[in-house]
Structure formats: structure tokens, C-alpha cells
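# build the 3D model from these lines:
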Amino acid sequence: MSKKIQKIVIVGGGSAGWMSASTMINEFPNHDITLIESPNIPTVGVGESTIGGIRDWLNLLGIKEKDFIPFTDASFKLSIRFTDFYRKDAGSFHYPFGIPQVNGNLAKKNDWYFKKMYHPDTPVSDYAECMYPQMALVMQNKISDNHNMHKFPGFFRDRDTAYHFDSTKFGLWLSEHYAKPRGVKHIIADVTDISVNDSGIEYLELSTGEKITADLFIDCTGFKSMLLGDALKEPFTSYEHMLPNNSAWATRIPYTDKEKQLEAFTDCHAIENGWVWNIPLWSRLGKGYVYSDKHVSDANALEEFKNHLKEKEQYSDDLEFKNIKMRIGIHERLYVKNVCAIGLSAGFIEPLESTGLFTTHEFLIKLVRSIHRDNYVSRWDKDTFNSICKKQFHDFAEFVAMHYSLSHRDDTAYWRDVGEREYFPDMINQRFRPYHSVFLHAITERMQTFFYEEQASGVHCILTGMNYFPADRQTVIPYSYPSDTNWKEYFEPSTQNLEQKKQHWAKLAEDEPTLYQYLKENYYPNES
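Numbering: from 1, shown residues only. The predicted structure follows:
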């Protein structure tokens, strides 16, 4: 039976709650929309790094950068760097946002593998530098405000960047500057009782004594999942078999050299039992250690984190550390009866690849589509929403898990464990098999790609960074050609072309402002 949606109640504040409230009031301005927020429950507040999809959500709501950046301690993000994931002390590689620039290449992204084949000392970090012009900006800690692609072909700052920001401040900004001014009602109270009937939640009883009803309840209560999990008892599917980490230590670190340390990328640095994030905001660094408490105790993990900070010369005795326990996985259904879960209450992958806010805005966009037909939501709409969101969640979880399964680290029990898990049969069969079966004929009228076909996907960056190369002589060289053919000479122009482009982009980046200079001039003119 279809349910008409006119009154929407969101339970829980934070970034997920206020993103939900802002989305609903923007898309349904004539609906009765209320957000209930407890005065006693703090938000998790570690979602400080985003990926490019957040721009679609911001565009949907008509939110401009200049509106929120100065209020949220925000900066720009062009890439994600991964350090020591392949092996201990193996170095770093980048996954830049945007579309690879392959104009003039012999065989699109495959040219780099020809280069690596005949110049084996080429580091894997070189791949992104040869394929993405914005890597010249990343390497020099610069940013370009160019919108016409004449300087860095294929790179649009308004499309190919995301943000670092304080997620707690982002939620507050949405509350005070977007949602409430447009008509969202705000109730500060605890939910003391939840009455459930055959239709879902009958009403919420608040600490004020008020009873709240709704056509749709949006659960933004974090890992507790007060409505979907606790009240409706919707089963939760753990992803522990795929994603090992379930805990984190987080802290905030002041800058010592802001212009140097304010970088346009998130750094993910693998250490003994997980990895450490480094997120540069305008006023500080956000740091955290994501780990598995099945492999190391919380106390020992904190010591490992402190030792890492000492190695980076970022430790001081006055730092405050917050421990976070994470529920990794997703509910079997996200939209059940008159309840839909958004954010951590729906599910969580882990902080790697900035998935927390990603699933929040992606699920919200899909929820809007479910309601938008005519304000009636049927079983079909709910089932479609659940199926699409679960598929997107699972695909992204597999992508995150790749970062561990491709590792050859064996220096601790943790890394030996995560590298031996069997959790990719579907991914390998459905996505990787074609990459190995498409034969590249090196000399034909039309060059064919044999691997990494998705233009904007980061899969090719992660696989290459983890030393997983599709190109070898047996794949590239046609068997019908004489054995004495000088293939290195044939492919050398491709190598030279990549080098020339990389050097050209590096030269252009020299004239651009540093990220610090750009932010200070355009967004923080009165701050140091």
C-alpha cells in the first residue's frame, strides 16, 4: 500500500541529520519537516574528508562554496595519497579526482604500462603524474582557479575537487544558515520511548512529554540506529569478513608551518595495525588512526598512533585523543515501513576513501527520487531504494577492501590477515575477468584498451599504485611479429610523450598560487 508523505521527522543532528533536513526542505518546501536533536548525545564528528560526489548534492541544494567554506574551516582536496599500503616503506601513490588526460597517447591509459615495461625503475607514483594534469598542482602544493581547461586540460576546479572541512561545523552551518531559515522545525529533546505498530513507528515520546507522529521518520541516530535497528529490529549485516577495521583514535594538531602543511590531499599512511589519516583543514590538521581491535588493544593502538606522530614531529603532551568504535556493515533494508536510515544508522564502510559523508548524500539523493513521483511511496519505491543503495554500498566496500587485499605487507599479523581474506569472488568474476581476456594488438589501425576502462573510476589508480600491472610482453606483443622486432624503440615515443606532458604541467603549475595563498585571499582574508 502506498503511503503519502507530508510530514517528515528526522531524529538525530550532526552532519547526517542536518544534511537530511536540508535536502528535504529544499526538495519539499511545503512539507512539515522537523528535526529532533538530543542535548545529551554528542555527534561522532570525524567525517572531515569528502570525495567529488558531494558536489552533486551541493548543486542539488544550490549551496555555493563561498557560502560554507569560511564557516566550516574548509579547504580543497584534489587527491588521496596512500603511503606504505603495498609494503612497509614502499612509498606513496595518488588517486586524483577527475578524468585522466590521454590526448596524444598511443593507447589511452595503457601508455604508462608500456613505459613501466621498458623502464622498470619507474615508480608507481609516476602513473598519476603522467595521467592527471592536476597532479602537478598537488606535487607543488598549488591550486588553479582555471575553468577553461586551457592550462590544465581536463581539469575543472569546480568539478574535480572535493573538500576537507569540520563536519560538526558543517552540520551547524546547515542548521543555522540553510535548513531552519527555510522552515525546518528544530526540537531539542531526548527520545524517551518509541511506540511501534504494524505500519512502523506510531509515535515518538520526547523528554518534554510531547508525542511526535510522522509519515516518514528519517533515522540519523548514528551507530545506535535507534529507529531502524532498535525499534524496528531490522537485521544488520556485518562486513567484518571484508573490512577489518572497527576502531579509531582521533586528535587535532596545530600547524607549525601552515603554508607547507596545508596540502590539497588526504594522506592515508599504513602502519602496524591499520592506517593513519592526515586531513588539512584551514586552522588545523585532523589526524586519526583506524585499526582493528581484534589485532591490537585500544591502549597499544594509542601508543602506535603516538609513535607515528612523534616520527612526523607532530606529537605534544597536550594533545587530546578520542576513541571511536565503528559498526562496519549495513542493515538488510534501509527503508522499512515508515522509517528510512541515513548516515551511520544505515551503514558504514570505514573512513578509508571518505565513505561516511559519501553514503549520506548519495542515499539522500536516492530517497528524494523515491518520494518525488507524487509524494506517495509504495513498496516498489522502497524496494528499489533499498536495492540501489545496497548495491552502491557493496560496490564501494569492495573498492575499499581492495586497498588491503592487494597489499603485500607481512610485517605484522594484521597485514598478513587482511591480505589472505577471501572476499572477492564476485568482484573478480564480474569486473576483472574482462581485463585479462581482452587482447591488445599493438600495431593495428585502431588501438584497443585492455585494462582499466572506466575513465573516472579510481580502480586503475589503486591497482597501479599497488603494483598490479596488466601489461607484460605476452599481453602487449603480437605473436605474429618477428622475435627480433625492437618493441622498446616502437613504444619509446609513448614514454617521451608522457614525460613531456608531465614536465609541461609542472612548469604551468609554477605560476599558480599555493593552496594557503588562494584560500587566504578568497575565503579567509582576515585570518592567518
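
# distance of P244 from A270?
Separation of P244 from A270 (C-beta to C-beta, to the nearest Å): 12 Å. Every C-beta, even on glycine, is put in place using the N, C-alpha and C of the backbone.

# cool, I201 as well?
Distance from I201 to A270, counting by C-beta to C-beta: 43 Å.

# how about K185?
For K185, the distance to A270 - C-beta to C-beta - is 46 Å.

# between the two, who's got more neighbours?
Set K185 next to A270 and count neighbours by other C-beta atoms under 10 Å: A270 wins out with 23 against 13.

# so which strand or helix has that one?
strand 265-271 (DSSP states H and E).

# okay, now the sheet partners of that strand, with direction.
strand 79-83 (parallel), strand 274-280 (antiparallel) (DSSP bridges).

# how about those strands in JSON lines, adding mean pLDDT?
Listed next are those as JSON lines, based on pLDDT from 0 to 100:
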{"stretch": "strand 79-83", "mean pLDDT": "97"}
{"stretch": "strand 274-280", "mean pLDDT": "97"}
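
# out of those strands, which gets nearest to G458?
Within those, the stretch nearest G458 is strand 79-83; the backing value is 8.1 Å (C-beta to C-beta).

# give the next helix or strand downstream of that closest one.
Per DSSP H and E, strand 79-83 leads on to strand 92-96 as the next helix or strand towards the C-terminus.

# send me the helix or strand following that next one as PDB with only the CA atoms.
Proceeding N to C from strand 92-96, the next assigned helix or strand is helix 111-118, under DSSP H and E. Below are the C-alpha coordinates for helix 111-118, written out as PDB (Å, rounded to 0.1, in the frame of the first residue of the first chain):
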ATOM      1  CA  ASP A 111      50.800   4.000 -22.500                       C
ATOM      2  CA  TRP A 112      52.100   4.200 -18.900                       C
ATOM      3  CA  TYR A 113      52.400   0.400 -18.800                       C
ATOM      4  CA  PHE A 114      54.500   0.500 -21.900                       C
ATOM      5  CA  LYS A 115      56.700   3.000 -20.100                       C
ATOM      6  CA  LYS A 116      56.900   0.800 -17.000                       C
ATOM      7  CA  MET A 117      57.600  -2.300 -19.100                       C
ATOM      8  CA  TYR A 118      60.700  -0.900 -20.700                       C
END
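
# tell me the helices and strands packed up against the following helix or strand past helix 111-118.
The element immediately downstream of helix 111-118 (helix or strand, assigned by DSSP H and E) is helix 126-131. With contacts taken as 3 or more C-beta pairs under 8 Å, 6 or more residues apart in numbering; DSSP states H and E, helix 126-131 sits against strand 92-96, helix 111-118, helix 135-139, helix 459-465, helix 487-509.

# want to throw those into JSON lines with mean pLDDT and mean neighbour count?
Converted to JSON lines, the helices and strands packed on helix 126-131 look like this (pLDDT from 0 to 100; neighbours: other C-beta atoms under 10 Å):
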{"stretch": "strand 92-96", "mean pLDDT": "97", "mean neighbour count": "23"}
{"stretch": "helix 111-118", "mean pLDDT": "88", "mean neighbour count": "22"}
{"stretch": "helix 135-139", "mean pLDDT": "96", "mean neighbour count": "24"}
{"stretch": "helix 459-465", "mean pLDDT": "90", "mean neighbour count": "23"}
{"stretch": "helix 487-509", "mean pLDDT": "90", "mean neighbour count": "16"}
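
# got the ones you listed as JSON lines, with distance to I63 columns?
As requested, those are exported to JSON lines (distance: least, C-beta to C-beta, whole Å):
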{"stretch": "strand 92-96", "distance to I63": "24"}
{"stretch": "helix 111-118", "distance to I63": "37"}
{"stretch": "helix 135-139", "distance to I63": "24"}
{"stretch": "helix 459-465", "distance to I63": "28"}
{"stretch": "helix 487-509", "distance to I63": "29"}
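
# what residues does whichever helix or strand S195 is part of touch?
Element membership for S195 (DSSP H and E) is strand 191-197. By C-beta atoms under 8 Å, 6 or more residues apart in numbering, the residues outside strand 191-197 that reach it are 11, 36, 38, 201-207, 226-227, 230-232.

# ok, now stretch 230-242?
So stretch 230-242 is contacted by 194, 196, 200-201, 224-225, 228-229, 246, 327-333, 336-337, 339, 349, 397-398, 401, 421, 423 (C-beta under 8 Å, 6+ apart).

# in helices, which of those residues fall?
397-398, 401 (DSSP state H).

# just put those in a markdown table and tack on distance to T464, neighbour count and pLDDT.
Below are the ones in helices among the contacts of stretch 230-242 laid out as a markdown table (distance: C-beta to C-beta, whole Å; neighbours: other C-beta atoms under 10 Å; pLDDT from 0 to 100):
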| residue | distance to T464 | neighbour count | pLDDT |
| --- | --- | --- | --- |
| A397 | 21 | 23 | 92 |
| E398 | 18 | 21 | 89 |
| A401 | 17 | 23 | 91 |
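
# so K382 sits in a helix?
Yes - assessed with DSSP: H, G, I helix; E, B strand; the rest coil, K382 lies in a helix.

# without its sequence neighbours, what residue ends up closest to it?
Spatial nearest neighbour of K382, chain neighbours left out: Y335 (4.4 Å); criterion: C-beta to C-beta, 6 or more residues apart in numbering.

# the one you found bridge partners, please.
Note on Y335: beta-bridge partners C340, judged by DSSP bridges.

# correct me, but it touches N386?
Yes - Y335 is in contact with N386 according to C-beta atoms under 8 Å; the separation is 5.7 Å.

# so between the two, which is more surrounded?
Each of Y335 and N386 has its neighbours counted (other C-beta under 10 Å); Y335 has more, 27 against 19.

# hmm, back to that, so which of the contacts of strand 191-197 sit within strands?
In strands, defined here by DSSP state E, the members of the contacts of strand 191-197 are 11, 36, 201-206.

# which one of the residues you listed sits in the busiest neighbourhood?
Taking other C-beta under 10 Å as the neighbour criterion, V11 ranks highest of the ones in strands among the contacts of strand 191-197 with 27 neighbours.

# picking up where we left off before, could you check the pLDDT of the residue nearest to K382?
Y335 is assigned 98 on the pLDDT scale.

# from T72, how far off is P42?
18 Å.

# who's more crowded, these two?
Per other C-beta under 10 Å, whichever of P42 and T72 has more neighbours is T72, with 23 against 11.

# what mean pLDDT does the strand holding S195 have?
Summarised as a single mean, pLDDT over strand 191-197 is 98.

# now stretch 412-428
On average, stretch 412-428 scores 77.

# pull the helix or strand with minimum mean pLDDT from the chain.
Here the helix or strand of the chain ranked lowest by mean pLDDT, DSSP states H and E is helix 433-437, holding a mean of 40.

# not counting its neighbours along the chain, what's nearest the residue nearest to the spatial centre of the chain?
What sits nearest the mean C-alpha location of the chain, by C-alpha atoms, centre = their mean, is S354, with 2.8 Å. Nearest non-adjacent residue to S354, counting by C-beta to C-beta, 6+ apart: S49, 4.3 Å away.

# which residues touch that neighbour?
With the criterion set at C-beta under 8 Å, 6+ apart, S49 makes contact with 77, 162-164, 266, 277, 279, 286, 351, 354.

# ok, it to H408 distance?
Separation of S49 from H408 (C-beta to C-beta): 26 Å.

# what of K151?
To H408, K151 is 38 Å away according to C-beta to C-beta.

# and what of P96?
Separation of P96 from H408 (C-beta to C-beta) stands at 24 Å.

# likewise for H460?
In terms of C-beta to C-beta, H460 sits 19 Å off from H408.

# got the domain ranges for the protein?
3-75+164-240+328-403, 98-155+424-509, 247-324 (automatic domain parsing).

# include distance to Y524 when you put these into a markdown table, please.
Shown next, in a markdown table, are those (distance: least, C-beta to C-beta, whole Å):
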| stretch | distance to Y524 |
| --- | --- |
| domain 3-75+164-240+328-403 | 6 |
| domain 98-155+424-509 | 14 |
| domain 247-324 | 6 |
